[in-house]
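Student: A predicted structure for the sequence below; I have some questions about it.
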Amino acid sequence: MALLEIRDLHKNFGAVAAVAGVTLSVEQGSLHAIIGPNGAGKTTFFNCITGEVAPTRGHVLFDGRDITGSPPHRLPALGISRSFQRTSIFPRLSVAENVWVSAYGTHPLAAGAMLRHADTIPGLDERIRDALHEVGLERHAGRLADELSHGDQRLLDFAIALAASPRLLLLDEPTAGLSRSDTQMVIELVERLKGRYTLVLIEHKMDMVMRVSDRISVMYFGRLLAEGSPEAIRGDLRVREAYLGRRA
Ligand SMILES: Nc1ncnc2c1ncn2[C@@H]1O[C@H](COP(=O)(O)OP(=O)(O)O)[C@@H](O)[C@H]1O
Ligand SMILES: [Mg+2]
């Protein structure tokens, strides 16, 4: 079953057709990668799903429900979390507090009950602990977020996303700007999450994409150039010409 369905999505910025008619289904529990050269429209595609930008045309369906144009702050409650290309944390809050904000904000009992004391919400502490455990940051729970290394801040970004108990996780170049060892850490984390969450991954590192993906869609000038298994995409001549060829 498709958890996320995109139908004929378009986004124009003036004369630029950043997304130009993308139709795509993401199967529940799968890891679906979106690749393509810089400027292909990948981030804009995510922004249309999460409501950061309003699509010019087309529809976004999540779990069979039309969520086109839902504002970004509604997304975590719907079950969609996103990690950003740049980390988006509160630097002067502790690691645990950063995760708390996300866990509290999306907890069903917290919704509409702003005066409820957080200690009285069952399961909240577990959610925070689980999210920190998942990414391996428990030992840093009490530290200020901006004291973390660059790589650990990226892991915190993941923990914040996971604390919202998402069903769908959108990852936009999670290894961008990381050292080789931090990149490896993030790849291993994505592999651990695979199968337990539905994941859509924008990524440039081809070895990672080929290894972890169930399915790959290739964007090129706002359109889908090809879609298929890693093997099929690796062997696709149009893809090689448009993208892989340029890097080879
Ligand atoms: N907010 C914006 N305003 C104007 N143009 C934009 C905006 N966001 C993206 N674009 C343009 O849309 C195209 C696709 O960009 P983007 O989605 O960031 O590509 P990718 O993530 O694949 O590198 C580019 O030409 C980019 O300059
Ligand atoms: Mg991008």
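Tutor: It's in. Ligands and ions are numbered 1, 2, ... in the order given.

Student: any weak-confidence spans in the chain?
Tutor: Scanning the chain for pLDDT under 70 picks out 84-87, 107-120, 244-248.

Student: show me what from it comes close to ligand 1.
Tutor: The chain comes close to ligand 1 at residues F13, V16, A18, G36, N38, G39, A40, G41, K42, T43, T44, as judged by CB under 6 Å from any ligand atom. All C-beta atoms are positioned from the backbone trio N, CA, C, and that covers glycine.

Student: list the contacts of the residue nearest the centre of the chain.
Tutor: The centre of the chain sits closest to L170, judged by CA atoms, centre = their mean, with a distance of 1.7 Å. Applying CB atoms under 8 Å, 6 or more residues apart in numbering to L170 gives the contacts F46, I49, T50, I80, S81, R82, S83, V200.

Student: one more time with 6 Å
Tutor: F46, R82, V200 (CB atoms under 6 Å, 6 or more residues apart in numbering).

Student: specify the local secondary structure of it.
Tutor: strand (DSSP: H, G, I helix; E, B strand; the rest coil).

Student: this protein: strands as residue ranges?
Tutor: Assigned by DSSP state E, the strands in the chain fall at 2-13, 16-27, 31-35, 57-62, 65-66, 80-83, 168-172, 198-202, 215-220, 223-228.

Student: dump those into JSON lines; add distance to A141 as well.
Tutor: Putting the strands of the chain into JSON lines (distance: least, CB to CB, whole Å) gives the following:
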{"stretch": "strand 2-13", "distance to A141": "31"}
{"stretch": "strand 16-27", "distance to A141": "33"}
{"stretch": "strand 31-35", "distance to A141": "28"}
{"stretch": "strand 57-62", "distance to A141": "32"}
{"stretch": "strand 65-66", "distance to A141": "35"}
{"stretch": "strand 80-83", "distance to A141": "19"}
{"stretch": "strand 168-172", "distance to A141": "22"}
{"stretch": "strand 198-202", "distance to A141": "25"}
{"stretch": "strand 215-220", "distance to A141": "36"}
{"stretch": "strand 223-228", "distance to A141": "41"}
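
Student: please name the bridge partners of F62.
Tutor: L4, R65 (DSSP bridges).
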